[in-house]
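Colleague: A structural model of the following input is requested.
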Amino acid sequence: MAGRVEGKVALVTGAGSGIGRASAQALAREGAAVIATDVTQPEVEATAEAIRAAGGKARALRHDAASEADWQAVLASIREEEGRLDVLVNNAGVSGGRTPFFETTLELWRQVQGVNVEGVFLGTKLGAMMMAEAGGGSVINVSSIYGIVGAAGSVSYCASKGAVRLMTKAAAAEMARDRTRVRVNSVHPGFIDTGMTSPFLTQDAFREAVTAKIPTGEVGRPEDIAAAVLFLASDESRYMTGAEVVVDAGWTAV
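Modeller: Below you'll find the model as predicted:
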């Protein structure tokens, strides 16, 4: 039986670790040719090598998601090598740390918005344009539960992920109106054990406080989010656009 994304070309940003790596591997296992990108070259090369070692198709590119020039270069490379783009996973992001509101500097604010908002804007715009040329595709924007609810000490991060949530819906509405056949959806992870969260989750008091707020009492794994990404990348979700898929073990339900 053919894989769920057999023959598709997928670009995954922030693929050097965590959710990005797990998503790239899941897409490759199900038949996609994956272009894994990250600002950290050694890590993303390791992701591509692991995919190839498992029998999948992948190549790696260095990519600063906040740079329009980098986006243009990456997409030009895909146009030249693969000829089209079917799936884009806008996963690259930064947390900004746990910084009190009154201590959040404009520099930190702009750094977080630059990657988390401007990077997703650039990817969605330029990626969707390329997809539309070829008759459609799926853009998957990784937001957060903190794009739905707030959190003390995370004002810049919450603002950025909330922006991703509504930017996704606005882009989806426009893509649908214009009959581009490009779907745009967002994924909202809860607390997932990744390189971004591990500095906090390794603190016993913090981990206990977090797990106490999760109805199932369990921190998630990158593979939990990759499963949602795979679904949205596949034709199984063909009737979904402008949707938000929340994967949080019930955090935002209570």
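Colleague: part of a strand, is residue 118?
Modeller: No. According to DSSP: H, G, I helix; E, B strand; the rest coil, residue 118 belongs to no strand; its state is helix.
Colleague: that one against residue 70, yeah?
Modeller: No. Taking contacts as CB atoms under 8 Å, residue 118 lies outside contact range of residue 70: 11.8 Å. The way it works is simple: take the backbone N, C-alpha and C, and place the C-beta from them, glycine included.
Colleague: how many neighbours does residue 190 have?
Modeller: Residue 190 is flanked by 23 other residues according to other CB atoms under 10 Å.
Colleague: what does the pLDDT read for the closest residue to it other than its chain neighbours?
Modeller: Counting by CB to CB, 6 or more residues apart in numbering, residue 190 lies nearest to residue 248, which is 2.8 Å off, once chain neighbours are set aside. The model reports residue 248 with a pLDDT of 97.
Colleague: residue 248: neighbouring residues, count only.
Modeller: Going by other CB under 10 Å, the residues that sit close to residue 248 add up to 22.
Colleague: so how far is residue 219 from it?
Modeller: With distances taken as CB to CB, to the nearest Å, residue 248 is found 11 Å from residue 219.
Colleague: with residue 96 instead?
Modeller: For residue 96, the distance to residue 219 (CB to CB) stands at 20 Å.
Colleague: looking at those two, which has the bigger crowd around it?
Modeller: For the pair residue 96 and residue 219, the greater number of neighbours falls to residue 96 (22 against 18), based on other CB under 10 Å.
Colleague: hang on, that one packs against residue 159?
Modeller: No. Applying CB under 8 Å as the test, residue 96 and residue 159 come out as separate, 9.7 Å apart.
Colleague: quickly list what's touching both of those two.
Modeller: Common contacts of residue 96 and residue 159, defined by CB atoms under 8 Å, 6 or more residues apart in numbering, comprise residue 112.
Colleague: can you give me the helices in the stretch 51-200 of the chain?
Modeller: Here the stretch 51-200 of the chain has its helices, by DSSP state H, counting those that start in this stretch, at 68-81, 106-113, 119-133, 155-177, 198-201.
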